[in-house]
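Student: The following comprises the amino acid sequence and a computationally predicted model.
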Amino acid sequence: MRVRQLTAAAAVLLLVAGLGGCSDSPAPARTPEPVPASADPTTTTGDVRPADRDAVEDGGVLRWAVDRVPATLNVYQPAATADSALLAHALYPSLFRLDEHGRPVPDPDYLAGAVSTPPGQEPQVVTYRLNPKAVWSDGTPLSVADFTAQRTALAGLDRAYEGGHPAGYDAIDVIAEGADPHEIRVTFRRPYAEWRSLFGPLYPAAETATAASFNQALVGGAHLTAGPYTVSQYNDEGGRVTVGRNPLWWGDRPKIDRIDFLATPPEQRLDDLDQDGLDIAPLTAAVDQAVSVAPSGSPSAPSGSPTAAAAPPAAAPETAAL
């Protein structure tokens, strides 16, 4: 078994970058392409090497281990998990991503630009210029209604909304359409330096405009999305979520045809990777359970498992790809 370790941040990059075919047509390279416009706002790390997009083969299916099928894809609901966020990165807009220097920059798939009034000038006004090609899966463009509804849901001003209250939304005073429907002006009641962290992910107004719609679990394939992938199967009992290419996607075409997120117990993942049942899996818990203790008292890797697969003592779970 040949295992490569990837950080949790790299795992998300893999998701949206869309590696070449895994189970159906192996790609010549197993490294993610440079962070695309549709990528998550995370940084690449030293163990991830960019690859030219043209060098990555098209097609195939990527099988990705998750703890369980998420109870919701709305990351702001109490039931949301890390798996909720993982899938949301493939399905919903995030307006900013980090560049190679770790600085947040507008994601051109969603934003043509975004500027704030200079520090010290009040009120602070942020002007977002939306990519006019950015549309929800029913063909409706992203609009001021989506921004307004999300702010209402997350600002904590209406107790009927049963969710978290991320920092910054309560600092917003007014959201209004600018010079045209693709310009959004957000006026703050008090300065908010971290304004780039807002609206990522951005959900459609249909899911956030009322407390009743916001509080409902966001599951299944009947909901609007606006990412490089759409949900084609959401099977809680079967432990599988499948996403396929979004036919309306306006950005670079994802390399992978389909991603299967498979609910897999941690202790089963090493075997599934070894037996070609998975392509990517978080391994921290699995490796911890798989490592045996030698007579000397020092841990040793089990037979057939490379020592490089052992998880570091640090925080973020590691992900292995065959």
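Tutor: Cool, got the structure.
Student: Could you tell me what pLDDT the model assigned to the closest residue to residue 200 other than its chain neighbours?
Tutor: The spatially closest residue to residue 200, leaving aside those adjacent along the chain, is residue 94, at 3.7 Å (CB to CB, 6 or more residues apart in numbering). C-beta: built from backbone N, CA, C; applies to glycine. Here the pLDDT value assigned to residue 94 is 95.
Student: Ok, residue 303 next?
Tutor: So residue 303 comes in at 37 (pLDDT).
Student: Check residue 11 and give its pLDDT.
Tutor: Reported pLDDT for residue 11: 45.
Student: again but with residue 100, I slipped
Tutor: Note for residue 100: predicted pLDDT of 84.
Student: what about it, is that helix, strand or coil?
Tutor: At residue 100 the chain is in coil, as set by DSSP: H, G, I helix; E, B strand; the rest coil.
Student: burial count for it?
Tutor: Number of residues near residue 100 (other CB atoms under 10 Å) recorded here: 11.
Student: how would you label residue 62: helix, strand or coil?
Tutor: strand.
Student: just checking, it touches residue 254?
Tutor: No - contact criterion CB atoms under 8 Å: residue 62 and residue 254 do not qualify, at 10.2 Å.
Student: Residue 249 touches residue 225, doesn't it?
Tutor: No - using CB under 8 Å, residue 249 is not in contact with residue 225; the gap is 10.1 Å.
Student: quick one: which of those two has more around it?
Tutor: Taking other CB under 10 Å, residue 249 and residue 225 do not tie; residue 225 has more neighbours (25 against 20).
Student: which residues in the stretch 101-250 of the chain form strands?
Tutor: Shown for the stretch 101-250 of the chain, the strands assigned by DSSP state E, counting those that start in this stretch span residues 104-106, 111-116, 125-130, 172-177, 183-188, 229-235, 240-245.
Student: if we compare the ones you listed, which one ends up closest to residue 55?
Tutor: Comparison of the strands of the stretch 101-250 of the chain against residue 55 by CB to CB identifies strand 240-245 as nearest, at 19.8 Å.
Student: Now do the closest one: which elements does it pack against?
Tutor: Identification of packing neighbours for strand 240-245 by 3 or more CB pairs under 8 Å, 6 or more residues apart in numbering; DSSP states H and E yields helix 82-91, strand 229-235, strand 258-263.
Student: can you map out the helices along the stretch 101-250 of the chain?
Tutor: 144-154, 205-208, 211-215 (DSSP state H, counting those that start in this stretch).
Student: chain center to the first one: distance?
Tutor: Distance of helix 144-154 from the chain centroid (CA atoms, centre = their mean, to the nearest Å) equals 20 Å.
Student: So which elements touch it?
Tutor: The contact analysis (3+ CB pairs under 8 Å, 6+ apart) places helix 144-154 against strand 172-177, strand 183-188, helix 205-208.
Student: Now render the helices of the stretch 101-250 of the chain as JSON lines, adding distance to residue 237, mean pLDDT and mean neighbour count.
Tutor: Output for those, formatted as JSON lines (distance: least, CB to CB, whole Å; pLDDT from 0 to 100; neighbours: other CB atoms under 10 Å):
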{"stretch": "helix 144-154", "distance to residue 237": "30", "mean pLDDT": "97", "mean neighbour count": "23"}
{"stretch": "helix 205-208", "distance to residue 237": "24", "mean pLDDT": "96", "mean neighbour count": "21"}
{"stretch": "helix 211-215", "distance to residue 237": "23", "mean pLDDT": "97", "mean neighbour count": "16"}
